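Enquirer: need a structure here:
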Amino acid sequence: MDTGAAPTWHADIAPLVAGHCQGCHQDGGISPFSLQTYAQAKMWSPTFEAVLRPGIMPPFLATETADCKPRFGLKDDLRLTTAQIDLFKRWQDAGCPEGDPSTAAALPEPPALELKDAEVSVTIPAPVTIDGTADRFVCFSLAPDLSALAATGPEAALLGDRVLLNGAQIHPGNSAIVHHVLVYTDPDGQSIALAGDKGYYDCFGGPGLDSPGLLMAWAPGATPLTAPDGVAMAAPSKGRLVMQVHYHPTGTPETDSATSLQLRGYGAGIPTYVSTLALIGNFRNQAAAGTGLLPGPDDRGKAEFRIPAGAQNHTESMTYQLPKNAPDYRLWSVGSHMHYVGTDMRIGITRAAGGSEPAEECLLDTPKWDFNWQRGYRYDVPIDQTPTAVAGDVINLRCTYDNSMQNLAVQRALTEQGLTAPHDVVLGESTLDEMCLGVFGIAEKVSDLLK
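Expert: From the prediction side, this is the model:
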């Protein structure tokens, strides 16, 4: 076989695998197999085309569609180009030539996963053992000491019961089973009673709190969460944090006793912007004054969130109008959240007034939604170029669902519950409930706060 013009592992394929795949596909990682060596990649190469061509892998759900073309690119974009996918295919078709190790292309620098100079570290309060075959979602009630992050200068009066951060990161205690992590704020300490003496409780769609905030989301290979330059992330200085860990079993009992959260303060001085993560959506009632659930298919006389058993391509739409007293925000990140029935979520904004910003703008579309790979998406531009959201603007959410046995995620969820057929799905936090929720990184100018 003439492989002279064919791509080789050392010259062409290894750099792509290192940069796009090895965050998960490494020894001891969450993936069931490693892709760190030529032999490993060659063995698994027959599977590449089926997952790379349709965009199943690498898991990066945001994409451009016919009705959603965001203005800006996204940081840490894992997607492969068509040319790169073609390269994998040519390599596999040529018999996976290894090439000459002495002329190997330089591999990309691995992402820096450590949060340097972290000032606070808090570890899960008790070990958890994961066995069986079903995924498990566990919420740990954490009590970090944030006194080291408290402001002491003139900015202290501005912050009130908040601390400012410029970095956060998760360290998995057992990389074989820690699939992803969400960290919620719990300023009223409600999680204490839920966790009890164990320090944790089982949870699924969310932490089970009345009004949680979201501090960060983490997945294997993720770099530390940092806001754009000049932006500090705000978190409550009192109460608790709730770490929701999604555990994926390996087939044998595995224990996690060391998953931890690291935080780093913003430091001295006042940032240009202060940011939080806002959760918008999950409306149960018909829209009024620009906010709520919109009428949709299969409603029974009034707007209701209900996905009938067997329904495919069912949509639920919601709007949220920023109130008259809302400050001017910059949107620096956006994410979508649904459960197993969800298949697509589109997030947009309709602006109330003219100006330099588009009157209608799509912020994010995740047309191949997969609950197992949710994350936030940060725009790859400076903060003063990110989309704006001001008083009167309307956030639009459109969530699409497949509540039939054609949806493999529904099949798996039903099997775990001992069921054989779909049932009507409503809003809720359990496995067979659904959500339609947008996650927004919103930044407000500190100068506006001082007015």
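
Enquirer: give the residue spans of the protein that score low on pLDDT.
Expert: Scanning the chain for pLDDT under 70 picks out the ranges 1-4, 110-111, 151-160, 449-451.

Enquirer: hey, where'd the strands end up in the stretch 1-150 of the chain?
Expert: Assigned by DSSP state E, counting those that start in this stretch, the strands in the stretch 1-150 of the chain fall at 120-123, 128-130, 136-142.

Enquirer: now the ones you listed as a markdown table including mean neighbour count?
Expert: Glycine gets a C-beta too; all of them are placed from N, C-alpha and C. Converted to a markdown table, the strands of the stretch 1-150 of the chain look like this (neighbours: other Cβ atoms under 10 Å):
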| stretch | mean neighbour count |
| --- | --- |
| strand 120-123 | 16 |
| strand 128-130 | 19 |
| strand 136-142 | 23 |
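
Enquirer: export those as JSON lines, with columns for distance to Ala193.
Expert: Shown next, in JSON lines, are the strands of the stretch 1-150 of the chain (distance: least, Cβ to Cβ, whole Å):
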{"stretch": "strand 120-123", "distance to Ala193": "19"}
{"stretch": "strand 128-130", "distance to Ala193": "19"}
{"stretch": "strand 136-142", "distance to Ala193": "9"}
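
Enquirer: of the ones you listed, which approaches Ile30 most closely?
Expert: For those, the distance to Ile30 is smallest for strand 128-130, at 12.2 Å, taking Cβ to Cβ.

Enquirer: so what does that closest one touch, helix or strand wise?
Expert: With contacts taken as 3 or more Cβ pairs under 8 Å, 6 or more residues apart in numbering; DSSP states H and E, strand 128-130 sits against strand 136-142, strand 240-247, strand 254-256.

Enquirer: list the contacts of Asn407.
Expert: Asn407 is in contact with 340-341, 343, counting by Cβ atoms under 8 Å, 6 or more residues apart in numbering.

Enquirer: out of those, which is nearest to Gln417?
Expert: Closest to Gln417 out of the contacts of Asn407 is Tyr340 (10.9 Å), distances taken as Cβ to Cβ.

Enquirer: dihedrals phi and psi, that closest one?
Expert: With angles defined as degrees, to the nearest 10, Tyr340 shows backbone torsions of phi -80, psi -30.

Enquirer: near it, how many other residues are there?
Expert: A count of neighbours around Tyr340, defined by other Cβ atoms under 10 Å, yields 27.

Enquirer: in a markdown table, list the contacts of Asn407 along with distance to Ile280.
Expert: Shown next, in a markdown table, are the contacts of Asn407 (distance: Cβ to Cβ, whole Å):
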| residue | distance to Ile280 |
| --- | --- |
| Tyr340 | 21 |
| Val341 | 20 |
| Thr343 | 20 |
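
Enquirer: so for Val51, which of the helices and strands packed on strand 128-130 sits nearest?
Expert: strand 240-247 (20.6 Å).

Enquirer: by how many degrees do that closest one and strand 136-142 diverge?
Expert: Interaxial angle, strand 240-247 versus strand 136-142 (axes from the mean of the first three to the mean of the last three Cα atoms, to 10 degrees): 160 degrees.

Enquirer: dump the helices and strands packed on strand 128-130 to JSON lines, plus distance to Leu432.
Expert: Shown next, in JSON lines, are the helices and strands packed on strand 128-130 (distance: least, Cβ to Cβ, whole Å):
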{"stretch": "strand 136-142", "distance to Leu432": "14"}
{"stretch": "strand 240-247", "distance to Leu432": "17"}
{"stretch": "strand 254-256", "distance to Leu432": "26"}
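
Enquirer: tell me the spacing between the most centrally placed residue in the chain and Ala421.
Expert: Residue closest to the average C-alpha location in the chain (Cα atoms, centre = their mean): Arg375, at 1.3 Å. As judged by Cβ to Cβ, to the nearest Å, Arg375 and Ala421 stand 32 Å apart.

Enquirer: out of the helices and strands packed on strand 128-130, the one nearest Asp229 is which?
Expert: Asp229 sits nearest to strand 240-247 of all the helices and strands packed on strand 128-130, at 25.4 Å, using Cβ to Cβ.

Enquirer: return the list of helices and strands in contact with the closest one.
Expert: By 3+ Cβ pairs under 8 Å, 6+ apart, strand 240-247 packs against strand 128-130, strand 136-142, strand 178-186, helix 191-195.

Enquirer: and these: which comes nearest Gly290?
Expert: strand 178-186 (26.6 Å).

Enquirer: can you mark which positions in that closest one are buried?
Expert: Neighbour counts using 16 or more other Cβ atoms under 10 Å place 178-186 of strand 178-186 among the buried residues.

Enquirer: repeat that for stretch 245-252.
Expert: For stretch 245-252, by 16+ other Cβ under 10 Å, it's 245-249.

Enquirer: and for stretch 369-384?
Expert: Per 16+ other Cβ under 10 Å, stretch 369-384 contains these buried residues: 369, 371, 373-379, 381, 383.

Enquirer: ramachandran coordinates for the residue nearest to Tyr340 when sequence neighbours are not counted?
Expert: Closest residue in space to Tyr340, ignoring its immediate chain neighbours: Ala409 at 4.1 Å, by Cβ to Cβ, 6 or more residues apart in numbering. Here is the backbone geometry of Ala409 (degrees, to the nearest 10): phi -70, psi -40.

Enquirer: cool, Glu416 as well?
Expert: phi -60, psi -30.

Enquirer: now do the end-to-end distance for stretch 361-381.
Expert: 16 Å (Cα to Cα, to the nearest Å).

Enquirer: whoops, stretch 6-19 was the one
Expert: End-to-end span of stretch 6-19 (Cα to Cα): 21 Å.

Enquirer: which residues sit against it?
Expert: Stretch 6-19 has contacts (Cβ under 8 Å, 6+ apart) with 25, 35, 38, 41-42, 80, 84, 87-88, 90-91, 93-101, 103-108, 110.

Enquirer: on that earlier part again, let's have the helices and strands packed on strand 240-247 in TSV, adding distance to Ser31.
Expert: Listed next are the helices and strands packed on strand 240-247 as TSV, based on distance: least, Cβ to Cβ, whole Å:
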stretch	distance to Ser31
strand 128-130	16
strand 136-142	18
strand 178-186	10
helix 191-195	30
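
Enquirer: of the ones you listed, which approaches Glu360 most closely?
Expert: Nearest to Glu360, of these and by Cβ to Cβ, is strand 178-186 at 30.3 Å.

Enquirer: dump the C-alpha coordinates for the closest one into CSV.
Expert: The C-alpha trace of strand 178-186 is given here as CSV (Å, rounded to 0.1, in the frame of the first residue of the first chain):
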residue,chain,number,x,y,z
VAL,A,178,-16.5,12.1,38.2
HIS,A,179,-18.3,13.0,34.9
HIS,A,180,-19.1,16.7,35.5
VAL,A,181,-19.7,19.1,38.4
LEU,A,182,-22.0,22.1,39.0
VAL,A,183,-21.4,24.4,42.0
TYR,A,184,-24.4,26.3,43.3
THR,A,185,-24.7,29.1,45.8
ASP,A,186,-26.9,28.6,48.9
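
Enquirer: the residue nearest to the centre of the chain is in contact with Gly335, isn't it?
Expert: Yes - under the criterion of Cβ atoms under 8 Å, Arg375 makes contact with Gly335 at 6.3 Å.
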